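Engineer: What follows is a predicted structure for the sequence shown.
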There are 2 protein chains.
Amino acid sequence: MDPLGFAPHDHRDCKRAAMAAAEAHCARHGLNFTPVRRRVLEILLEEHRAMGAYEILDKLREEGLGSQPPVAYRALDFLVTNRFAHKIERLNAFIACAHPDAAHTPAFLICRVCNAVAETHAAPARGMLGAAAEAAGFEIEQAVVEAVGRCPRCRAEAAPCH
Amino acid sequence: MDPLGFAPHDHRDCKRAAMAAAEAHCARHGLNFTPVRRRVLEILLEEHRAMGAYEILDKLREEGLGSQPPVAYRALDFLVTNRFAHKIERLNAFIACAHPDAAHTPAFLICRVCNAVAETHAAPARGMLGAAAEAAGFEIEQAVVEAVGRCPRCRAEAAPCH
DNA sequence: CCTCCATATGTTATTTTATAACGTGCACAC
DNA sequence: GTGTGCACGTTATAAAATAACATATGGAGG
(Lines give C-alpha, C1' and ligand atoms only; values in the text may rest on other atoms or scores of the structure.)
Protein backbone atom coordinates (compact mmCIF):
# COMPACT_ATOMS: atom_id res chain seq x y z
CA MET A 1 0.00 0.00 0.00
CA ASP A 2 2.96 2.30 0.19
CA PRO A 3 4.78 3.83 -2.66
CA LEU A 4 8.24 2.46 -3.00
CA GLY A 5 8.03 2.03 -6.66
CA PHE A 6 4.31 2.17 -5.74
CA ALA A 7 4.50 -1.41 -4.50
CA PRO A 8 3.82 -2.70 -1.01
CA HIS A 9 6.89 -3.54 1.00
CA ASP A 10 8.17 -4.06 4.51
CA HIS A 11 8.64 -0.73 6.23
CA ARG A 12 10.50 -1.98 9.23
CA ASP A 13 13.13 -3.52 7.04
CA CYS A 14 13.72 -0.54 4.85
CA LYS A 15 13.72 1.75 7.85
CA ARG A 16 16.27 -0.35 9.65
CA ALA A 17 18.45 -0.59 6.59
CA ALA A 18 18.32 3.14 5.94
CA MET A 19 19.12 4.06 9.53
CA ALA A 20 22.00 1.63 9.59
CA ALA A 21 23.36 3.03 6.36
CA ALA A 22 23.11 6.57 7.74
CA GLU A 23 24.82 5.57 11.00
CA ALA A 24 27.62 3.92 9.10
CA HIS A 25 28.09 6.84 6.76
CA CYS A 26 28.25 9.31 9.64
CA ALA A 27 30.69 7.17 11.55
CA ARG A 28 32.91 6.81 8.52
CA HIS A 29 32.88 10.52 7.75
CA GLY A 30 33.00 11.90 11.27
CA LEU A 31 29.54 13.42 10.97
CA ASN A 32 27.47 14.24 13.99
CA PHE A 33 24.28 12.22 13.74
CA THR A 34 22.48 14.06 16.52
CA PRO A 35 19.12 13.16 18.06
CA VAL A 36 17.19 15.73 16.03
CA ARG A 37 18.80 14.67 12.79
CA ARG A 38 18.27 11.04 13.60
CA ARG A 39 14.67 11.58 14.58
CA VAL A 40 13.84 13.56 11.45
CA LEU A 41 15.20 10.76 9.31
CA GLU A 42 13.19 8.24 11.32
CA ILE A 43 10.05 10.28 10.82
CA LEU A 44 10.60 10.41 7.09
CA LEU A 45 11.25 6.69 7.00
CA GLU A 46 8.22 5.86 9.12
CA GLU A 47 5.87 7.88 6.97
CA HIS A 48 7.63 6.90 3.82
CA ARG A 49 6.15 9.71 1.83
CA ALA A 50 6.99 13.28 0.90
CA MET A 51 6.50 15.51 3.93
CA GLY A 52 6.59 19.27 4.28
CA ALA A 53 9.09 20.78 6.67
CA TYR A 54 6.30 22.06 8.88
CA GLU A 55 4.65 18.69 9.02
CA ILE A 56 7.91 17.26 10.32
CA LEU A 57 8.26 20.17 12.69
CA ASP A 58 4.85 19.36 14.17
CA LYS A 59 6.04 15.87 14.99
CA LEU A 60 9.22 17.19 16.57
CA ARG A 61 7.19 19.60 18.62
CA GLU A 62 4.94 16.84 19.93
CA GLU A 63 8.05 15.05 21.07
CA GLY A 64 9.69 18.08 22.60
CA LEU A 65 12.58 17.93 20.18
CA GLY A 66 12.30 21.42 18.83
CA SER A 67 9.55 23.81 18.03
CA GLN A 68 10.84 26.43 15.61
CA PRO A 69 11.22 26.16 11.84
CA PRO A 70 15.01 26.42 11.77
CA VAL A 71 15.28 23.25 13.81
CA ALA A 72 13.51 21.25 11.14
CA TYR A 73 15.19 23.01 8.25
CA ARG A 74 18.66 22.49 9.69
CA ALA A 75 18.09 18.80 10.23
CA LEU A 76 16.67 18.49 6.73
CA ASP A 77 19.65 20.36 5.29
CA PHE A 78 21.92 17.87 6.96
CA LEU A 79 19.99 14.90 5.66
CA VAL A 80 19.76 16.28 2.14
CA THR A 81 23.42 17.29 2.04
CA ASN A 82 24.39 13.80 3.03
CA ARG A 83 21.83 12.25 0.72
CA PHE A 84 19.89 10.49 3.43
CA ALA A 85 16.88 12.39 2.18
CA HIS A 86 15.90 14.31 -0.92
CA LYS A 87 13.93 17.44 -1.53
CA ILE A 88 11.06 17.17 -3.97
CA GLU A 89 11.12 20.64 -5.51
CA ARG A 90 7.80 20.21 -7.15
CA LEU A 91 6.10 19.61 -3.81
CA ASN A 92 8.28 21.69 -1.51
CA ALA A 93 8.62 18.53 0.47
CA PHE A 94 11.17 16.01 1.64
CA ILE A 95 11.42 12.26 1.42
CA ALA A 96 13.80 9.68 2.83
CA CYS A 97 16.19 8.25 0.32
CA ALA A 98 15.00 4.89 -0.89
CA HIS A 99 18.43 3.70 -2.00
CA PRO A 100 20.70 4.57 0.86
CA ASP A 101 23.57 2.48 -0.38
CA ALA A 102 23.91 3.19 -4.05
CA ALA A 103 25.56 6.35 -5.20
CA HIS A 104 22.79 7.65 -7.37
CA THR A 105 21.21 10.39 -9.38
CA PRO A 106 17.74 10.23 -7.95
CA ALA A 107 14.68 10.80 -10.07
CA PHE A 108 11.12 10.88 -8.82
CA LEU A 109 7.73 9.82 -10.05
CA ILE A 110 5.12 12.05 -8.47
CA CYS A 111 1.43 11.22 -8.63
CA ARG A 112 -0.51 14.42 -9.22
CA VAL A 113 -3.64 12.84 -7.75
CA CYS A 114 -2.46 11.39 -4.44
CA ASN A 115 1.01 12.93 -4.20
CA ALA A 116 2.64 9.56 -3.74
CA VAL A 117 6.30 9.68 -4.70
CA ALA A 118 8.50 6.87 -5.92
CA GLU A 119 12.22 7.23 -6.16
CA THR A 120 13.98 5.77 -9.10
CA HIS A 121 17.18 6.35 -10.90
CA ALA A 122 18.04 8.32 -13.98
CA ALA A 123 21.23 9.50 -15.54
CA PRO A 124 20.11 12.57 -17.43
CA ALA A 125 23.64 13.92 -17.53
CA ARG A 126 24.27 11.21 -19.99
CA GLY A 127 21.98 11.46 -22.96
CA MET A 128 20.50 14.55 -24.50
CA LEU A 129 20.84 16.77 -21.48
CA GLY A 130 24.51 15.99 -21.04
CA ALA A 131 25.14 16.66 -24.70
CA ALA A 132 23.30 19.97 -24.55
CA ALA A 133 25.19 21.01 -21.43
CA GLU A 134 28.51 20.15 -22.96
CA ALA A 135 27.69 22.05 -26.10
CA ALA A 136 26.81 25.08 -24.00
CA GLY A 137 29.94 24.81 -21.86
CA PHE A 138 27.82 24.13 -18.80
CA GLU A 139 29.14 21.91 -16.03
CA ILE A 140 26.37 19.81 -14.48
CA GLU A 141 26.86 19.20 -10.78
CA GLN A 142 23.46 17.88 -9.89
CA ALA A 143 20.17 17.23 -11.59
CA VAL A 144 16.59 17.51 -10.46
CA VAL A 145 14.39 15.05 -12.32
CA GLU A 146 10.77 14.90 -11.31
CA ALA A 147 8.12 13.29 -13.45
CA VAL A 148 4.52 14.23 -12.75
CA GLY A 149 1.71 11.92 -13.72
CA ARG A 150 -0.51 9.23 -12.29
CA CYS A 151 0.50 6.29 -10.17
CA PRO A 152 -0.89 2.80 -10.89
CA ARG A 153 -3.48 3.01 -8.16
CA CYS A 154 -4.89 6.36 -9.23
CA ARG A 155 -4.97 5.26 -12.85
CA ALA A 156 -7.00 2.24 -11.86
CA GLU A 157 -9.41 4.30 -9.80
CA ALA A 158 -9.93 6.77 -12.62
CA ALA A 159 -10.91 4.03 -15.05
CA PRO A 160 -13.82 2.18 -13.43
CA CYS A 161 -14.72 0.47 -16.69
CA HIS A 162 -13.14 -2.98 -16.35
CA MET B 1 26.05 38.30 -22.57
CA ASP B 2 22.68 36.76 -22.00
CA PRO B 3 21.92 33.18 -21.33
CA LEU B 4 20.14 31.61 -24.24
CA GLY B 5 22.32 28.61 -24.21
CA PHE B 6 24.52 31.11 -22.35
CA ALA B 7 25.40 32.76 -25.63
CA PRO B 8 24.83 36.37 -26.65
CA HIS B 9 21.95 36.90 -29.02
CA ASP B 10 19.53 39.49 -30.30
CA HIS B 11 16.84 40.16 -27.74
CA ARG B 12 14.58 42.19 -29.91
CA ASP B 13 14.34 39.40 -32.41
CA CYS B 14 13.60 36.66 -29.95
CA LYS B 15 11.13 38.85 -28.13
CA ARG B 16 9.30 39.68 -31.35
CA ALA B 17 9.28 36.05 -32.40
CA ALA B 18 7.98 34.85 -29.06
CA MET B 19 5.24 37.45 -28.88
CA ALA B 20 4.18 36.66 -32.42
CA ALA B 21 4.07 32.96 -31.64
CA ALA B 22 1.98 33.61 -28.54
CA GLU B 23 -0.41 35.87 -30.45
CA ALA B 24 -0.82 33.26 -33.14
CA HIS B 25 -1.36 30.46 -30.67
CA CYS B 26 -4.02 32.44 -28.80
CA ALA B 27 -5.78 33.40 -31.99
CA ARG B 28 -5.81 29.81 -33.19
CA HIS B 29 -7.12 28.47 -29.90
CA GLY B 30 -9.54 31.21 -28.98
CA LEU B 31 -7.51 32.24 -25.95
CA ASN B 32 -7.81 35.65 -24.44
CA PHE B 33 -4.37 37.26 -24.62
CA THR B 34 -5.23 40.15 -22.34
CA PRO B 35 -3.07 43.18 -21.56
CA VAL B 36 -1.83 41.81 -18.24
CA ARG B 37 -0.94 38.44 -19.72
CA ARG B 38 0.72 40.08 -22.67
CA ARG B 39 2.67 42.46 -20.52
CA VAL B 40 3.91 39.73 -18.18
CA LEU B 41 5.21 37.78 -21.13
CA GLU B 42 6.88 40.91 -22.47
CA ILE B 43 8.54 41.52 -19.12
CA LEU B 44 9.87 37.98 -19.02
CA LEU B 45 11.13 38.30 -22.56
CA GLU B 46 12.74 41.66 -21.96
CA GLU B 47 14.62 40.50 -18.90
CA HIS B 48 15.29 37.12 -20.41
CA ARG B 49 16.05 35.53 -17.10
CA ALA B 50 14.24 33.69 -14.34
CA MET B 51 12.11 36.14 -12.36
CA GLY B 52 10.14 35.70 -9.18
CA ALA B 53 6.43 36.38 -9.25
CA TYR B 54 6.84 39.33 -6.90
CA GLU B 55 9.54 40.82 -9.04
CA ILE B 56 7.16 40.74 -11.96
CA LEU B 57 4.40 42.10 -9.77
CA ASP B 58 6.59 45.08 -8.90
CA LYS B 59 6.91 45.91 -12.58
CA LEU B 60 3.18 45.60 -13.11
CA ARG B 61 2.59 47.86 -10.15
CA GLU B 62 4.90 50.54 -11.54
CA GLU B 63 2.86 50.47 -14.71
CA GLY B 64 -0.51 50.50 -12.97
CA LEU B 65 -1.42 47.11 -14.38
CA GLY B 66 -2.18 45.40 -11.09
CA SER B 67 -0.85 45.48 -7.61
CA GLN B 68 -1.82 42.29 -5.81
CA PRO B 69 -0.16 38.88 -5.98
CA PRO B 70 -3.08 37.05 -7.61
CA VAL B 71 -2.79 39.31 -10.64
CA ALA B 72 0.75 38.17 -11.31
CA TYR B 73 0.10 34.56 -10.41
CA ARG B 74 -2.92 34.33 -12.66
CA ALA B 75 -1.08 35.76 -15.61
CA LEU B 76 1.82 33.41 -14.95
CA ASP B 77 -0.55 30.46 -14.68
CA PHE B 78 -1.92 31.34 -18.07
CA LEU B 79 1.51 31.65 -19.62
CA VAL B 80 2.76 28.42 -18.05
CA THR B 81 -0.38 26.50 -18.96
CA ASN B 82 0.00 27.56 -22.54
CA ARG B 83 3.74 26.98 -22.48
CA PHE B 84 4.67 30.57 -23.25
CA ALA B 85 6.65 30.48 -20.04
CA HIS B 86 8.00 27.86 -17.67
CA LYS B 87 8.34 27.65 -13.94
CA ILE B 88 11.80 26.86 -12.63
CA GLU B 89 10.94 24.83 -9.55
CA ARG B 90 14.42 24.99 -8.20
CA LEU B 91 14.32 28.79 -8.11
CA ASN B 92 10.61 29.38 -7.52
CA ALA B 93 10.83 31.58 -10.55
CA PHE B 94 9.51 31.93 -14.06
CA ILE B 95 11.15 32.34 -17.43
CA ALA B 96 9.88 32.96 -20.93
CA CYS B 97 9.96 29.95 -23.19
CA ALA B 98 12.97 30.06 -25.45
CA HIS B 99 11.49 27.78 -28.09
CA PRO B 100 8.00 29.08 -28.62
CA ASP B 101 7.41 27.09 -31.77
CA ALA B 102 8.60 23.59 -31.06
CA ALA B 103 6.51 21.25 -29.03
CA HIS B 104 9.03 20.36 -26.42
CA THR B 105 9.93 18.81 -23.13
CA PRO B 106 11.88 21.67 -21.67
CA ALA B 107 14.96 21.09 -19.54
CA PHE B 108 16.97 23.78 -17.81
CA LEU B 109 20.58 24.43 -17.02
CA ILE B 110 20.76 26.59 -13.90
CA CYS B 111 23.98 28.26 -12.82
CA ARG B 112 24.26 28.03 -9.06
CA VAL B 113 26.62 31.01 -9.02
CA CYS B 114 24.79 33.63 -11.06
CA ASN B 115 21.36 31.97 -11.40
CA ALA B 116 21.44 32.28 -15.17
CA VAL B 117 19.11 29.78 -16.78
CA ALA B 118 19.35 28.24 -20.23
CA GLU B 119 16.52 26.29 -21.71
CA THR B 120 17.28 23.20 -23.66
CA HIS B 121 15.51 20.06 -24.60
CA ALA B 122 15.47 16.61 -23.07
CA ALA B 123 13.29 13.58 -23.47
CA PRO B 124 13.68 11.88 -20.14
CA ALA B 125 10.48 9.95 -20.63
CA ARG B 126 12.40 8.00 -23.17
CA GLY B 127 15.43 6.38 -21.67
CA MET B 128 15.88 5.15 -18.13
CA LEU B 129 13.17 7.23 -16.56
CA GLY B 130 10.57 6.09 -19.05
CA ALA B 131 11.56 2.50 -18.52
CA ALA B 132 11.37 2.84 -14.74
CA ALA B 133 7.99 4.52 -14.97
CA GLU B 134 6.62 1.85 -17.24
CA ALA B 135 7.89 -0.88 -14.96
CA ALA B 136 6.15 0.80 -12.04
CA GLY B 137 2.91 1.29 -13.94
CA PHE B 138 3.31 5.05 -13.69
CA GLU B 139 1.99 7.27 -16.44
CA ILE B 140 4.27 10.26 -17.04
CA GLU B 141 2.39 13.37 -18.07
CA GLN B 142 5.08 15.93 -17.61
CA ALA B 143 8.67 16.06 -16.49
CA VAL B 144 10.68 18.63 -14.59
CA VAL B 145 14.33 18.46 -15.54
CA GLU B 146 16.63 21.01 -14.00
CA ALA B 147 20.38 20.62 -13.96
CA VAL B 148 22.30 22.71 -11.45
CA GLY B 149 25.92 23.57 -12.03
CA ARG B 150 28.09 26.31 -13.38
CA CYS B 151 27.65 28.25 -16.58
CA PRO B 152 30.60 28.88 -18.90
CA ARG B 153 31.13 32.41 -17.66
CA CYS B 154 31.19 31.50 -13.98
CA ARG B 155 33.50 28.58 -14.65
CA ALA B 156 35.91 30.93 -16.40
CA GLU B 157 35.80 33.43 -13.56
CA ALA B 158 36.44 30.73 -10.97
CA ALA B 159 39.57 29.51 -12.76
CA PRO B 160 41.82 32.55 -13.15
CA CYS B 161 44.85 30.38 -13.90
CA HIS B 162 45.08 30.39 -17.68
C1' DC C 1 42.55 23.26 34.42
C1' DC C 2 41.09 26.61 31.46
C1' DT C 3 40.38 29.03 27.28
C1' DC C 4 39.49 29.09 22.57
C1' DC C 5 37.11 27.44 18.80
C1' DA C 6 33.90 24.91 16.03
C1' DT C 7 29.58 22.96 15.75
C1' DA C 8 24.79 22.22 17.03
C1' DT C 9 20.75 23.94 18.89
C1' DG C 10 17.33 27.51 20.83
C1' DT C 11 14.66 31.55 19.83
C1' DT C 12 12.74 35.71 17.81
C1' DA C 13 11.46 37.91 14.01
C1' DT C 14 10.85 38.48 9.29
C1' DT C 15 10.92 37.52 4.41
C1' DT C 16 9.45 35.16 0.43
C1' DT C 17 6.17 32.50 -2.10
C1' DA C 18 1.51 31.25 -2.97
C1' DT C 19 -3.53 30.82 -2.58
C1' DA C 20 -8.42 31.21 -0.67
C1' DA C 21 -12.42 33.69 -0.96
C1' DC C 22 -15.34 36.98 -2.56
C1' DG C 23 -16.68 41.00 -5.37
C1' DT C 24 -16.85 43.67 -9.99
C1' DG C 25 -17.14 44.39 -14.86
C1' DC C 26 -17.72 42.98 -19.40
C1' DA C 27 -18.85 40.28 -23.58
C1' DC C 28 -21.48 37.04 -25.73
C1' DA C 29 -25.36 33.65 -26.31
C1' DC C 30 -29.79 32.92 -25.88
C1' DG D 1 -32.27 41.96 -21.16
C1' DT D 2 -30.50 38.60 -18.60
C1' DG D 3 -27.87 34.81 -17.48
C1' DT D 4 -23.39 32.74 -17.85
C1' DG D 5 -18.48 32.51 -18.13
C1' DC D 6 -14.27 34.60 -17.83
C1' DA D 7 -10.90 37.90 -16.48
C1' DC D 8 -9.58 41.02 -13.12
C1' DG D 9 -9.68 43.65 -8.39
C1' DT D 10 -9.08 43.26 -3.49
C1' DT D 11 -8.61 41.59 1.15
C1' DA D 12 -6.79 38.44 3.88
C1' DT D 13 -4.16 34.57 5.04
C1' DA D 14 -1.53 30.41 4.46
C1' DA D 15 2.74 28.05 3.58
C1' DA D 16 7.67 27.79 3.01
C1' DA D 17 12.10 29.49 4.19
C1' DT D 18 15.74 32.17 6.29
C1' DA D 19 18.24 36.03 8.85
C1' DA D 20 20.20 37.14 12.98
C1' DC D 21 21.55 36.50 17.36
C1' DA D 22 21.83 33.79 21.86
C1' DT D 23 23.19 29.52 24.27
C1' DA D 24 25.24 25.08 25.02
C1' DT D 25 28.59 21.46 24.38
C1' DG D 26 32.76 19.16 23.49
C1' DG D 27 37.36 18.80 21.84
C1' DA D 28 42.32 20.95 20.90
C1' DG D 29 46.01 23.30 22.75
C1' DG D 30 48.14 26.14 25.99
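Structural biologist: Perfect, thanks for sending it.
Engineer: count of residues packed around residue A:75?
Structural biologist: 27 (other CB atoms under 10 Å in any protein chain shown). The C-beta positions use only the backbone N, C-alpha and C, and glycine is treated the same way.
Engineer: Identify the residues contacting it.
Structural biologist: Listed by CB atoms under 8 Å, 6 or more residues apart in numbering or on different chains, the contact set of residue A:75 reads A:36, A:37, A:39, A:40.
Engineer: Closest one to DNA strand C out of these, please.
Structural biologist: Nearest to DNA strand C among these, counting by CB to the nearest atom of the strand, is residue A:36 at 4.0 Å.
Engineer: give the contact list for the closest one.
Structural biologist: Counted by CB under 8 Å, 6+ apart, residue A:36 has contacts A:60, A:65, A:66, A:71, A:74, A:75.
Engineer: Return the distance of it relative to residue B:47.
Structural biologist: Separation of residue A:36 from residue B:47 (CB to CB, to the nearest Å): 41 Å.
Engineer: Quick check: residue A:142 is in a strand.
Structural biologist: Yes. Counting by DSSP: H, G, I helix; E, B strand; the rest coil, residue A:142 is part of a strand.
Engineer: For it, give the beta-bridge partners.
Structural biologist: When assigned by DSSP bridges, residue A:142 has beta-bridge partners residue B:148.
Engineer: can I assume it is in contact with residue B:150?
Structural biologist: No. Between residue A:142 and residue B:150 there is no contact under CB atoms under 8 Å: 11.0 Å.
Engineer: if you count what's nearby, which of the two comes out ahead?
Structural biologist: residue B:150 (22 against 13).
Engineer: Next one: that one from DNA strand C, what distance?
Structural biologist: Using CB to the nearest atom of the strand, to the nearest Å, residue B:150 is found at 21 Å from DNA strand C.
Engineer: repeat for residue A:33
Structural biologist: Per CB to the nearest atom of the strand, residue A:33 is found 9 Å from DNA strand C.
Engineer: so who does that residue touch?
Structural biologist: Taking CB under 8 Å, 6+ apart as the criterion, residue A:33 is in contact with A:22, A:23, A:26.
Engineer: Go through those and say which is closest to chain B.
Structural biologist: Distance to chain B, by CB to the nearest CB, is smallest for residue A:22 among the contacts of residue A:33, at 23.8 Å.
Engineer: so the closest one makes contact with residue A:83?
Structural biologist: No. Counting by CB under 8 Å, residue A:22 sits too far from residue A:83 to count as a contact (9.5 Å).
Engineer: So the two - more neighbours on which side?
Structural biologist: Each of residue A:22 and residue A:83 has its neighbours counted (other CB under 10 Å); residue A:22 has more, 25 against 15.
Engineer: and the host helix or strand of that one with DNA strand D, contact?
Structural biologist: Take DSSP states H and E as the rule and residue A:22 turns out to sit in helix A:11-29. No. Taking CB under 7 Å from any atom of the strand as the criterion, helix A:11-29 and DNA strand D are apart, separated by no less than 14.5 Å.
Engineer: Residue A:110 belongs to a helix?
Structural biologist: No. Counting by three-state DSSP, residue A:110 is not found in a helix; it is strand.
Engineer: Could you show which parts of chain A are in contact with chain B?
Structural biologist: A:5-7, A:89-90, A:107, A:109, A:111-112, A:118, A:120-125, A:127-129, A:132-133, A:135-152, A:155 (CB under 8 Å from any CB of the partner chain).
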